[in-house]
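Trainee: Sharing a sequence plus its predicted fold:
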2 protein chains.
Amino acid sequence: MVRKIGMVFTLVLTLGLVFNTTVYSEYDPLPSWNNTDTKKKIIDFVNDVTSQSSPNFVSELERFAVFDNDGTLWAEKPAYFQQAFLLHRIDESAEENPELKNRQPFKAALTRDYAYLKKIDKKLLNKLYLMTHTGMSQKEFEQKVKIFLRTAKHPTLKRRYTELVYQPMLELMDYLRDNQFKVYICSGGGTDFIRSFSYEVYKVPKENVIGTTFQYEYKEGKNGGYIYRKQDFVEPINLKGGKPVNIQRRIGTSPIFTFGNSNGDISMMRFAAIGNRPYLNLTLSHDDEKREFKYDQGAKVMQEISGKGNWLTVSMKKDFKVVFPFQK
Amino acid sequence: MVRKIGMVFTLVLTLGLVFNTTVYSEYDPLPSWNNTDTKKKIIDFVNDVTSQSSPNFVSELERFAVFDNDGTLWAEKPAYFQQAFLLHRIDESAEENPELKNRQPFKAALTRDYAYLKKIDKKLLNKLYLMTHTGMSQKEFEQKVKIFLRTAKHPTLKRRYTELVYQPMLELMDYLRDNQFKVYICSGGGTDFIRSFSYEVYKVPKENVIGTTFQYEYKEGKNGGYIYRKQDFVEPINLKGGKPVNIQRRIGTSPIFTFGNSNGDISMMRFAAIGNRPYLNLTLSHDDEKREFKYDQGAKVMQEISGKGNWLTVSMKKDFKVVFPFQK
């Protein structure tokens, strides 16, 4: 019996090796990326930090990859997805409180006066987020987002927002996970908002979403305890220098792989760069007017920094074979 | 060729089934637990929520288990481990500022006047934590904890603190992870303090530690950016109603399995109980004067609640075959 088992294992092992060799040599983990130098550098980095014989090997425990969301994982023009949700919530609020209809900035929001809305300063914008995203139970908020997600469409591309994710980024996240990276999202957007679709769209589970977070309060109700959303932010808001702070708070270390697209991601990348570990910082350049959008406002400083050493610029035009999944 | 492969697979499959059956019927995932009703209920719960055919099946995505630390995973008497670190840090501070030596509460701390220290109110205690745990870079703090961990010993049991973990709890965490639970620690202790040993001691990676957190600031220095520890807490402190708030903030939902030992864990358990999912709330009763300690201060309300329905009391005396790993 022992001999028979030995034979079987030898046979299976041999077949396994043959199949594996064949499979790996033809396997392209990033089929929607063009075969550019960028793609080669990404694969080289992953091979380097995951190979135990490499001096740059990083243990699975510390193999964190962090992606910005808007403009990095999906389209952010003409407005962030969450801004569309904000407008939707203002519509709902105006139904409950009709006196809002003649007051600014609500009037501009209700009539989709984008020229006016663009000029709103950050403080007022944050107030609008607080007004529309808090003052209710966590369950109630999640329900509101769920309903919105089902129906909302992008104003110019006429697709559901969750379809406007970049196919090459989905593949890159899969590829990193296959190599035991722990893939996180780190966005200025609301943590709970992103959590409502992060697994379905990106395979990123709720606990791997780092975003701007509202204060909660635990309340004891008739049917047990529940989470109530207080009209306040957890500081810092997850932008610029807030990103490394919230990353450290959540994962307890610096990431070794980051992907962003704007000046708001520079601090997060500098944080990766000081970790005393190998790292790769990628910046997506929106240079593809034909397939997506062409813009660099809010990204100029980043683009000046990127492209040197371990800071790589990814060109949507040159490096992406496909942009959206429906173009495959 | 196809036939041969088919034969091999059939053989392997058959052998696999035979081996599996044998292995599973003799396999005890919790060997350091006595074969009591408690152990049976834990195993029944895990089988129930992980069996796809069960009406109580819970997807892996939502299979969160949350453990309190002090008094649940390891000994907390005569003082929390972190209190020992606090005293150590006060010693260090007094070396730098000798004028502290004659001032209370430093004098009491330096002379280990436990009678005095026990009477210190929470506000003053928090001030002491802020004084000794912040005002330095994250790296510097982590280094201080590391050195302390290497040398510190429990005052009466004369063992390194990290040896004073409960063997049955290590097995329980392994058992849950083997069943695709995501195992978290949720402690009133400092997040960074616990992170410094959580993987080594509990196999809980840094990102799965929820504790009391100090505010950070991201600073740009000469050699790149770094995290600075500010003299402030991130609210809420992770005790009582703060626990469900911080759990929701970190994992985006309520856990289905909790383990605590004091009144400070009641809110976290109520939070599990309202999740509209099956749940199990366990409370460790310190009733074993011989092998550990016997006490119930700070746990009386909890003990009154526990023992009914899905709230189970675990008796150290009756349910633990072994307490500490070195007793195996």
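Mentor: Sure, I can see it. The model shown is predicted, which means the values in this text are computed figures rather than measured ones.
Trainee: C-alpha only now, for contacts and for neighbours.
Mentor: Will do.
Trainee: Name the spans of chain A whose pLDDT lies under the cut-off.
Mentor: Applying pLDDT under 70 to chain A flags residues A:1-25, A:223.
Trainee: Quick one: residues contacting the spatially most central residue of it.
Mentor: Centroid-nearest residue in chain A: A:Asn69, 3.0 Å away (criterion: C-alpha atoms, centre = their mean). With contacts defined as C-alpha atoms under 8 Å, 6 or more residues apart in numbering or on different chains, A:Asn69 is in contact with A:185-187, A:189, A:260.
Trainee: Mind picking the two most distant members of those residues?
Mentor: A:Gly189 and A:Gly260 (13.6 Å; C-alpha to C-alpha).
Trainee: So these two - more neighbours on which side?
Mentor: Higher neighbour count among A:Gly189 and A:Gly260: A:Gly260, with 29 against 22, using other C-alpha atoms under 10 Å in any protein chain shown.
Trainee: measure the more buried one to chain B for me?
Mentor: According to C-alpha to the nearest C-alpha, to the nearest Å, A:Gly260 stands 17 Å off from chain B.
Trainee: can you give me phi and psi for that residue?
Mentor: Note on A:Gly260: its backbone torsions stand at phi -140, psi -170 [degrees, to the nearest 10].
Trainee: can you check A:Thr191 too?
Mentor: The phi/psi pair for A:Thr191 (degrees, to the nearest 10) reads phi -60, psi -50.
Trainee: Can you get me a residue count around it?
Mentor: The burial count for A:Thr191: 25, using other C-alpha under 10 Å.
Trainee: what are the ranges of the strands in the stretch 51-200 of chain A?
Mentor: Counting by DSSP state E, counting those that start in this stretch, the segments of the stretch 51-200 of chain A that form strands are A:64-67, A:136-137, A:182-190.
Trainee: among the ones you listed, which is nearest B:Lys240?
Mentor: In terms of C-alpha to C-alpha, the element of the strands of the stretch 51-200 of chain A nearest to B:Lys240 is strand A:136-137, at 19.2 Å.
Trainee: Which residues of the stretch 201-328 of chain A lie near chain B?
Mentor: Neighbours of chain B within the stretch 201-328 of chain A, by C-alpha under 8 Å from any C-alpha of the partner chain: A:205-208, A:213, A:216-218, A:223-227, A:241-242, A:244-245, A:248-252, A:267, A:270-271, A:273-274.
Trainee: Filter the residues you listed down to just the ones in strands.
Mentor: A:216-218, A:224-227 (DSSP state E).
Trainee: List buried residues within those.
Mentor: By neighbour count, with 16 or more other C-alpha atoms under 10 Å in any protein chain shown, those hold A:216-218, A:225-227 as buried.
Trainee: how about these, which pair is most distant?
Mentor: A:Tyr216 and A:Gly225 (12.5 Å).
Trainee: need the contact list for A:Gly260.
Mentor: Applying C-alpha under 8 Å, 6+ apart, we find A:Gly260 in contact with A:67-69, A:71-72, A:281-284.
Trainee: nope, A:Arg270 is what I was after
Mentor: Counting by C-alpha under 8 Å, 6+ apart, A:Arg270 touches B:224-225.
Trainee: Between the buried ones among the ones in strands among the residues of the stretch 201-328 of chain A next to chain B, which sits nearest A:Met136?
Mentor: A:Ile227 (8.9 Å).
Trainee: With B:Lys317 as the reference, measure out to A:Leu30.
Mentor: 56 Å (C-alpha to C-alpha, to the nearest Å).
Trainee: out of those two, which sits in the busier spot?
Mentor: A:Leu30 (22 against 19).
Trainee: Surely that one is in a strand?
Mentor: No: under DSSP: H, G, I helix; E, B strand; the rest coil, A:Leu30 falls outside any strand and is assigned coil.
Trainee: Count the neighbours of A:Trp74 for me.
Mentor: 22.
Trainee: Test my guess that it contacts A:Val165.
Mentor: Yes: between A:Trp74 and A:Val165 there is a contact at 4.0 Å, judged by C-alpha atoms under 8 Å.
Trainee: hang on, the earlier thing: redo the strands of the stretch 51-200 of chain A as a markdown table? Include distance to chain B.
Mentor: Converted to a markdown table, these look like this (distance: least, C-alpha to the nearest C-alpha, whole Å):
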| stretch | distance to chain B |
| --- | --- |
| strand A:64-67 | 10 |
| strand A:136-137 | 12 |
| strand A:182-190 | 10 |
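Trainee: Mind putting the ones you listed into CSV with distance to B:Tyr114?
Mentor: As requested, the strands of the stretch 51-200 of chain A are arranged in CSV below (distance: least, C-alpha to C-alpha, whole Å):
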stretch, distance to B:Tyr114
strand A:64-67, 43
strand A:136-137, 44
strand A:182-190, 44
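Trainee: Ok, which of the ones you listed comes nearest B:Val301?
Mentor: Comparison of the strands of the stretch 51-200 of chain A against B:Val301 by C-alpha to C-alpha identifies strand A:136-137 as nearest, at 27.2 Å.
Trainee: Parallel or antiparallel, list what pairs with the closest one.
Mentor: Partners of strand A:136-137 in the sheet, by DSSP bridges, are strand A:224-233 (antiparallel).
Trainee: From the chain's centroid, how far away is the strand it pairs with?
Mentor: 25 Å (C-alpha atoms, centre = their mean, to the nearest Å).
Trainee: got a list of contacts for it?
Mentor: With C-alpha under 8 Å, 6+ apart as the test, strand A:224-233 has contacts from A:130-131, A:133-139, A:212-220, B:244-245, B:248, B:267, B:270-271, B:273-274.
Trainee: Quick check on those residues: which are buried?
Mentor: For the contacts of strand A:224-233, buried by 16+ other C-alpha under 10 Å: A:130-131, A:133-135, A:137-138, A:212-219, B:244-245, B:248, B:267, B:270-271, B:273-274.
Trainee: shouldn't A:Lys294 be in contact with A:Ser315?
Mentor: No: here A:Lys294 does not reach A:Ser315: they are 11.0 Å apart, not a contact under C-alpha under 8 Å.
Trainee: in the stretch 1-150 of chain A, which spans are helices?
Mentor: Using DSSP state H, counting those that start in this stretch, the helices of the stretch 1-150 of chain A run over residues A:2-26, A:37-50, A:81-96, A:106-110, A:114-118, A:122-133, A:138-151.
Trainee: likewise the stretch 201-328 of chain A?
Mentor: Under DSSP H, counting those that start in this stretch, the stretch 201-328 of chain A gives helices at A:242-251, A:266-273, A:300-305, A:316-319.
Trainee: closest to B:Leu124 out of those?
Mentor: Closest to B:Leu124 of the helices of the stretch 201-328 of chain A is helix A:242-251 (C-alpha to C-alpha; 24.7 Å).
Trainee: What are the buried residues along that closest one?
Mentor: By neighbour count on 16+ other C-alpha under 10 Å, the buried set for helix A:242-251 is A:242-251.
Trainee: try stretch A:80-90
Mentor: Along stretch A:80-90, these residues count as buried under the neighbour rule (16+ other C-alpha under 10 Å): A:80-82, A:84-90.
Trainee: Tell me who's in contact with A:Pro244.
Mentor: Counted by C-alpha under 8 Å, 6+ apart, A:Pro244 has contacts A:254, A:267-268, A:271, B:218, B:227.
Trainee: and if we set it to 6 Å?
Mentor: Contacts of A:Pro244 were listed using C-alpha atoms under 6 Å, 6 or more residues apart in numbering or on different chains, and they are A:Met268.
Trainee: so A:Pro205 makes contact with A:Arg195?
Mentor: No: counting by C-alpha atoms under 6 Å, A:Pro205 stays clear of A:Arg195, with 7.5 Å between them.
Trainee: Just give the closest residue to the closest residue to chain B within the stretch 101-250 of chain A, not the sequence neighbours.
Mentor: For the stretch 101-250 of chain A and chain B, the shortest gap (C-alpha to the nearest C-alpha) falls at A:Glu207, measuring 4.2 Å. Nearest in space to A:Glu207, with sequence neighbours left out and distances taken as C-alpha to C-alpha, 6 or more residues apart in numbering or on different chains, is B:Ile251 at 4.2 Å.
Trainee: what about that neighbour, distance to B:Asp232?
Mentor: Using C-alpha to C-alpha, B:Ile251 is found at 23 Å from B:Asp232.
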